[in-house]
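Participant: Here's a sequence, model it:
(one chain, ligands or ions: 1)
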Amino acid sequence: MTVIPAFSRSAASLLCTLALLACVNTTARAEATRAAIDERVERLLTQMTVAEKIGQLAQVNADEGKMSAKLRAAVKAGMVGSVLNAVDVATVNELQRVAMQESRLGIPLLMGRDVIHGFKTVLPIPLGQAAAWNPDLVQQGARMAALEAAASGVNWTFAPMIDVSRDPRWGRIAESFGEDPHLVSVLGVASIRGFQGDDLTRPGAIAACAKHFVGYGASEGGRDYGFVGIPEIDLRNVYMPPFKAAVDAGVATFMTAFSDVNGVPASGNRFLMQTVLRDEWKFPGLVVSDWESILDMVVHGFAASEKDAAFEALSAGVDMEMASTTYRDHLPALLAEKRIDMATLDAAVRNVLRVKFRLGLFERTVTDPADYPPVASEQNLALAKKLTAQSLVLLQNRGAVLPLERQSLRSLAVIGPMADDDYEQLGTWIYDGDTALSRTPLQAIRDIVGPQVAVRHVRAMETTRSRTTTAFAEAVDAASRSDAAVLFLGEESILSGEAHSRADIDLPGNQMELVRAVRSAGKPVIVVILAGRPLTIEPILGDADAVVYAWHPGTMAGPAIADILFGVESPSGKLPVTFPRVVGQVPIYYAQRNTGKPPLPGTFLHIDDIKVRTSQTGLKNKSWYLDAGYEPLYPFGYGLSYTSFAYSDIAVTPSRARVGMPVQVRAVVTNVGKVEADEVAQLYVQDVVGSVTRPVRELKGFQRVRLEPGESREVSFQLTADDLAFYGRDMRRATEPGTFHAWIGGSSKAELRADFELTAD
Ligand code: BGC
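Facilitator: Have a look, this model is predicted:
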């Protein structure tokens, strides 16, 4: 027991009282603010005409970022609640001036923009950020992006995308934080905190948007906009948790998905928006449709007309319509016919106005970039570099070919279509990204090695999709005259993102042949892959000594990659998504259910080894593919380092506890290699027997630790009842008593295990 001396005991109790008072005060203040906002909303609402109310529900695209005469007139008439895609500060200020000074009620505009992974300074694509497993840096990145965007007058970003994504064919996996509900939730909340800050009224705070509610990541076949068939239990246990976490973190807005979810398009889905989002989760914010997703409901075959689509969307709970105009065109008639009542319209308008008051827009007049820190400052670039460096995943390093030794290196061949492309390294959704800021790998390698190392650059392929091999001889020649060859391969940014799904996720074009050709030069071959998704890279592994997965790394791709290649920093990224061997294994994710016939290591028989004219393989029937086995190429959470880490001494205390009592899981991680490095220690749990089957493992916590050679550190995680709860057959969330396995280690294949028991009494 800790003995507190009398003096400090009273000091401690005073501190406790003060902390309690501060907490009570903060809650009271928040409630007072909320009440004051509600009062202002009600006052405004009573002054509004029906047309002005409908106007608040319209989000209009600023064509080419400009303010057309038509847009000006609509804003002046109070027919626009939000404008998207205006980022020129003069245009934004003029739009706000017209709204606030020339419209009858002077209601400011929400200025929306897709600030997805940075603004001028481009950060790694969200999938790359997720590979850093560093919520703090993700939060700082979002804060930086918010400040850069706010300096242009943007007050609302359509981010973060928190769709759990388990299909690398889907182009939008690039925009996601990967396959795991826990990782996506933690990073989603970090981004929301970064964008919104502590106080939405502060300059530089912008409203975040949790999108796309819900299930878009499970588009059938990985084809964008595809049907989504997800049982409610998986919606609740897998796809919804990041959205619930976003509500709890105070996200200001939600966006619906384009998807047809179990037969009801998300933008007309009352179960999703009413039952779950409003009734169960008590979301007080604004729900915006996706681009024309209300109109799409006619095409889905869910609404007979645009008017019916408007009816379905508003009555299901879409407050604001993005881009299409079914509300503007049809709500007057729907109200006159009493299909929609005024209370439904008012509820939507309240949600829009509340966000405007929360953001303090009525008190802001003009945006002056001089009030903000400079965009793309050295500080922002340094942050981008740090996040990028942590996002790089070392997948293979045979013979410790990496890091390259600067002292002994005399020459280096730098090959490939992604080595020196200031645009392609930025990735999808970079409306405002500035290629002039990009530092490419080639430039950074030249900088880091200095003039004494001959850097021989051969692009070899015009694009990653090129089929011509005429320049391969030049690449082989450069490699054979150099100490080593680094190839920058992958896929251009246009090959991922919205509507850019792929059925074949191999390295496109003749890139595999290029690796093979360069290998023939007999020098160490290092492959760096820049891509928006996991690619099926197994065919190149035999010809590459080292492979670094760089995602689309953004503005600071070059310096971050160069630091890793030359060992200034050890790689520490871990995969946020499982890498399949072949595309036919998709969907493949670590948190699968066991099946009744799970494969056992060493029991697999490959199709090539099956005898002719046989009806039996001689093995028990198991859940695998005869031609691809059952293991992925790389598991979730995997990533190598220039050092090695050993895990030991796992313990759970108490190992037997009543449901409701927290348990502590801890282990010791030791740097058993020769260089200082970061490691991401991961905790996985299995609820062995459930009232419904549970995943074989689920990520429940992670911690990034930095260790010197020989240094050990204890990592410790607290598991509460809530962490172990799940939705069962009755769609109620509960923690069930029983046996649990817990593993701590460096990937989802961690082997160090301890068990614990939760009891009912
Ligand atoms: C996308 C959204 C995006 C919106 C506005 C849509 O096509 O699905 O994610 O925020 O466009 O640009």
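Participant: And for the residue in the stretch 1-150 of the chain positioned nearest to the ligand, the neighbour number?
Facilitator: Per C-beta to the nearest ligand atom, residue 114 is where the stretch 1-150 of the chain lies closest to the ligand, at 4.7 Å. Glycine gets a C-beta too; all of them are placed from N, C-alpha and C. Residue 114 has 21 neighbours, counted by other C-beta atoms under 10 Å.
Participant: quick one: terminal-to-terminal distance for stretch 161-175?
Facilitator: Terminal residues of stretch 161-175 lie 6 Å apart, using C-alpha to C-alpha, to the nearest Å.
Participant: and it, how far from the chain's centre?
Facilitator: Its chain's C-alpha centre and that of stretch 161-175 lie 8 Å apart, by C-alpha atoms, centre = their mean, to the nearest Å.
Participant: State the mean pLDDT of that stretch.
Facilitator: The average of the pLDDT scores along stretch 161-175 is 98.
Participant: Spell out whether it and the ligand are in contact.
Facilitator: No. Shown here: stretch 161-175 not in contact with the ligand (C-beta under 6 Å from any ligand atom), separated by at least 6.6 Å.
Participant: which of the residues in the helix or strand residue 756 falls within are buried?
Facilitator: Assessed by DSSP states H and E, residue 756 sits inside strand 753-759. The neighbour-count check on strand 753-759 (16 or more other C-beta atoms under 10 Å) flags 754, 756, 758 as buried.
Participant: ok, those residues vs the ligand, which is closest?
Facilitator: Comparing the buried residues of strand 753-759 against the ligand with C-beta to the nearest ligand atom places residue 758 closest, at 40.1 Å.
Participant: Give me the neighbour count for residue 271.
Facilitator: Neighbourhood size, residue 271 [other C-beta under 10 Å]: 14.
Participant: Then the one 3 residues further on?
Facilitator: Here the neighbour count serves as a burial measure; for residue 274 (other C-beta under 10 Å) it reads 14.
Participant: Show me which residues of the stretch 451-600 of the chain are close to the ligand?
Facilitator: Residues of the stretch 451-600 of the chain found near the ligand (C-beta under 6 Å from any ligand atom) are residue 498.
Participant: Can you name the residue of the stretch 451-600 of the chain nearest to the ligand?
Facilitator: The nearest approach of the stretch 451-600 of the chain to the ligand comes at residue 498, 5.5 Å away (C-beta to the nearest ligand atom).
Participant: State the distance from that residue to residue 587.
Facilitator: 20 Å (C-beta to C-beta, to the nearest Å).
Participant: who are the neighbours in contact with the residue in the chain positioned nearest to the ligand?
Facilitator: When scored by C-beta to the nearest ligand atom, the chain has residue 158 as its residue closest to the ligand, at 3.3 Å. Going by C-beta atoms under 8 Å, 6 or more residues apart in numbering, residue 158 touches 112-116, 209, 211, 255.
Participant: which one of these is nearest residue 696?
Facilitator: Within those, proximity to residue 696 (C-beta to C-beta) peaks at residue 211, which comes in at 29.6 Å.
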